[in-house]
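Chemist: build me a model:
(one chain, ligands or ions: 1)
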Amino acid sequence: MLLAKSKLKLGCGIAGVYLGSLICSALAASTVLELSESYADPAMPGHTPTQILDDMQANVFDGGRCGDQAREAIRLTFHDGIGQSVSLRASGHFGGGGAGECDRQNATSKVKPSSKDGSIIQFASVELADPANEGLDDIVYALKIFADSHDISYGDMVQFAGAVALSNCPGSPRLEFFAGRPKAIAPAPPRLIPSPSDSVEHILARMEDAGLSPEDTVALLAAHSVAVQKTVDPSVSGMPLDSTPEAFDTQFYLEITVVSDNPRHF
Ligand code: HEM
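Modeler: Numbering: from 1, shown residues only. All right, here's what the predicted structure looks like:
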């Protein structure tokens, strides 16, 4: 586990409080990027956090854009993190690793994961076969190569990439990142990722089973402010989920409450 010295402050806002608790990031009041240059991170050997950040922005996020790869990286934090189930564990089964363990010394997260994770990268051939993960192949394989080249655990990779990706989207909350997740031990159990065809009751029950309240869920859906759909209706692939996909704002909430035939968003 790493000490506070190794954390990256990527700032935060109210939605970041909830995003942070889901993805195992602690909170930062800061709105600026603070990096501890002098600290050689044992979870990221041979590279300073700034070197890793710069490499990621240049080679994964196309120069720091809030584009396809960034949106997929944000979605990936959820699809890796939601792979945990309190009820499965209570019934004696493997309950998934969720977003993995990290240094929670200063965190306010309510989620108490039982193990590792990054299983969506570690066990990509299993988890990407789940139709719920359609559209995530590119980012999973890009991050696998990146993590391997920097000797970063896949659990840390998913959450670090998500925090950086979020910071690339104008208006977004900023997350504080803690490293130190060990390797995933098994693929996430099947059928834990909510589907858009599930009922609200089913989705809320699934989120609750992963440690997230209805309030958490609503706040987390703020991520759809910068989202597009590619797989629900492939005939309009790339259509955004609100009319301002380039900005992390509250427009998604407004537009989801009205029946819309607006051709500019899904
Ligand atoms: C709780 C129930 C949720 C459902 C049913 C849901 C469903 C979806 C669907 C259907 C898409 C479009 C996928 C595609 O066709 O490519 C999508 C995209 C997305 N979702 Fe969610 N989602 C949920 C929660 C979340 C949460 C909690 C986050 C927070 C990280 C999130 C982040 C995203 C992002 C960033 C995208 C855009 C991906 C892209 O543009 O490539 N979603 N979601």
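
Chemist: against the ligand, how distant is the spatially most central residue of the chain?
Modeler: Taking C-alpha atoms, centre = their mean, the centroid of the chain lies closest to Thr77, which sits 1.9 Å from it. As judged by C-beta to the nearest ligand atom, to the nearest Å, Thr77 and the ligand stand 5 Å apart. (Glycine included, C-beta is placed from N, CA and C.)

Chemist: chain neighbours aside, what residue packs nearest to that residue?
Modeler: With sequence-adjacent residues excluded and distances taken as C-beta to C-beta, 6 or more residues apart in numbering, Thr77 is closest to Gly162, at 3.5 Å.

Chemist: so the one you found, which of the three states?
Modeler: Under DSSP: H, G, I helix; E, B strand; the rest coil, Gly162 falls in the helix class.

Chemist: what about it, how many residues nearby?
Modeler: 30 (other C-beta atoms under 10 Å).

Chemist: helix or strand next in line after the host helix or strand of the residue nearest to the centre of the chain, which one?
Modeler: Secondary structure from DSSP states H and E places Thr77 in helix 68-81. Once helix 68-81 ends, the next helix or strand along the chain (criterion: DSSP H and E) is helix 86-90.

Chemist: buried stuff in that following helix?
Modeler: Judged by neighbour count (16 or more other C-beta atoms under 10 Å), helix 86-90 contains no buried residues.

Chemist: what sits up against that helix?
Modeler: 94-96, 114, 189, 209-211 (C-beta atoms under 8 Å, 6 or more residues apart in numbering).

Chemist: on that earlier part again, now do the helix holding Thr77: distance to the chain's middle.
Modeler: 5 Å (C-alpha atoms, centre = their mean, to the nearest Å).

Chemist: then stretch 217-234?
Modeler: 12 Å.
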